[in-house]
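# I need the structure of the sequence given here:
(one chain, ligands or ions: 2)
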Amino acid sequence: MTAPLIQLRGVKKAFGEVRVLEGVDLDVAEGETFVLLGGSGSGKTVLMKHLEGLLQPDEGTVVVDGHDLSKGDPKALEAVRREVGVQFQSGALFDSLSVADNVAFPLRELQHLKAPEVKQRVDELLALVGLTDAAAKLPGELSGGMRKRLAFARAMALRPKIFLADEPTAGLDPMTTETVDDAIVAAQKKLGVTAFIITHDLPTAFRIADRVGLLFEGKIIEAAPPETFKASKHPAVLAFLKDWLEREASARA
Ligand SMILES: Nc1ncnc2c1ncn2[C@@H]1O[C@H](COP(=O)(O)OP(=O)(O)OP(=O)(O)O)[C@@H](O)[C@H]1O
Ligand SMILES: [Mg+2]
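Numbers count the residues shown, from 1 in each chain. Ligands and ions are numbered 1, 2, ... in the order given. Now for the predicted structure:
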């Protein structure tokens, strides 16, 4: 058994009086897709920021691919940032660059690849997310789902060992959400990446996750494969699932 690629132990984080994380323990194995659920404001984004070294814990340890990020060691931070591809909550696309150039940008800037190699990698990624025909378009000409798939392709351009995504399907309708989910799953199978994904969307969570976790009152109180998670008797999981079903029902009504 290899050591987990992501390992958190007793992670605590507060902002002034606001205690956000109150002892998070988490292991994510190499190649695994872990999906984090939790109410709005429960601390999901704060937790993810610890995995890319944007925040350091007040207490506890964060180890990513053997690098300890808890102490703000610049060498560890630099090493991890080279291994991590991030899809932000907002997408953060370059609006004046074409779809193809958005994906090519990190390859040219950070990897100094030659033009034919860049083209090959860009073609491969656009095919993977179904955007081959949109290569010459500008992001402003794309639908919401296409923009999300583009943001994903760009996050994967440097072939990261670890993929982090904050709400990769937020604001999309169920059908479009499914196409983004499918793109993520296909790419992960092909590229063998380890993924940590935050979502509000339960169907997405159950479709793409190897394990689903719930962040509640500053801790991950359940982390299990989808079928086990759905059958959980933990009161906070039951409340979260019930709340979601009710919101879905009222959205349909
Ligand atoms: N830099 C910061 N300074 C002060 N408070 C912060 C900071 N970042 C986050 N918080 C607080 O931490 C709490 C958790 O925020 P976080 O963004 O992690 O929630 P979330 O679970 O991602 O919510 P959402 O689902 O709405 O995105 C909130 O109360 C937020 O106000
Ligand atoms: Mg958030």
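# Please enumerate the helices of the stretch 151-253 of the chain.
Applying DSSP state H, counting those that start in this stretch to the stretch 151-253 of the chain gives helices spanning 174-191, 202-208, 226-230, 235-252.
# and the protein, which of its residues are near ligand 1?
Contact residues (Cβ under 6 Å from any ligand atom) of the chain with ligand 1: 15, 18, 20, 38, 40, 41, 42, 43, 44, 45, 46. The C-beta positions use only the backbone N, C-alpha and C, and glycine is treated the same way.
# give the contact list for the fourth one.
Residues in contact with residue 38 (Cβ atoms under 8 Å, 6 or more residues apart in numbering) are 44, 198, 214, 215, 216, 240.
# What score does residue 88 have for pLDDT?
Per-residue pLDDT puts residue 88 at 73.
# ok, it - contacts?
Applying Cβ under 8 Å, 6+ apart, the residues near residue 88 are 151, 166.
# And it, how close does it get to residue 54?
Residue 88 sits at a distance of 11 Å from residue 54 (criterion: Cβ to Cβ, to the nearest Å).
# Now the one residue sitting closest to the centre of the chain: closest residue in space that isn't a chain neighbour?
Geometric centre of the chain, nearest residue: residue 165, 2.0 Å, by Cα atoms, centre = their mean. Nearest non-adjacent residue to residue 165, counting by Cβ to Cβ, 6 or more residues apart in numbering: residue 87, 4.0 Å away.
# was I right about the residue nearest to the centre of the chain contacting residue 154?
No. Using Cβ atoms under 8 Å, residue 165 is not in contact with residue 154; the gap is 11.7 Å.
# from memory the residue nearest to residue 165 sits against residue 166, does it?
Yes. Between residue 87 and residue 166 a contact is recorded at 6.9 Å, counting by Cβ under 8 Å.
# What are the buried residues along stretch 224-231?
For stretch 224-231, burial by neighbour count (16 or more other Cβ atoms under 10 Å) applies to 224, 226, 229.
# got the phi/psi numbers for residue 169?
Per-residue torsions, residue 169: phi -120, psi 10 (degrees, to the nearest 10).
# Tell me the pLDDT of the nearest residue to it once chain neighbours are set aside.
Closest residue in space to residue 169, ignoring its immediate chain neighbours: residue 177 at 4.3 Å, by Cβ to Cβ, 6+ apart. For residue 177, the pLDDT comes out at 84.
# The chain should start at 12 in everything you say after this.
I'll keep to 12 as the first residue from here, and by that count the last item is residue 188.
# Distance check, residue 188 against residue 219.
Per Cβ to Cβ, residue 188 is found 11 Å from residue 219.
# now do residue 192
5 Å.
# What residues does the residue of the stretch 112-261 of the chain found nearest ligand 1 make contact with?
Proximity of the stretch 112-261 of the chain to ligand 1 (Cβ to the nearest ligand atom) peaks at residue 211, 6.3 Å away. Contact analysis of residue 211 by Cβ under 8 Å, 6+ apart lists 48, 51, 178, 181.
# pLDDT check: weakest of those?
Lowest pLDDT among the contacts of residue 211: residue 181, with 79.
# Counting neighbours, what do you get for that one?
Applying other Cβ atoms under 10 Å, we find 17 residues neighbouring residue 181.
# ok so residue 161 is a strand residue?
No. Residue 161: not assigned to a strand; according to DSSP: H, G, I helix; E, B strand; the rest coil it is helix.
# Report the contact partners of it.
Counting by Cβ under 8 Å, 6+ apart, residue 161 has contacts 104, 110, 113, 114, 140, 142, 150, 153.
# and with 7 Å instead?
By Cβ atoms under 7 Å, 6 or more residues apart in numbering, residue 161 lies in contact with 104, 110, 113, 142, 150, 153.
# Tell me how far the last one lies from residue 127.
The spacing between residue 153 and residue 127, counted by Cβ to Cβ, is 26 Å.
# so residue 72, which of the three states?
Classification of residue 72 using three-state DSSP returns strand.
# Spit out the contact partners of it.
For residue 72, the contacting residues are 20, 79, 81, by Cβ under 7 Å, 6+ apart.
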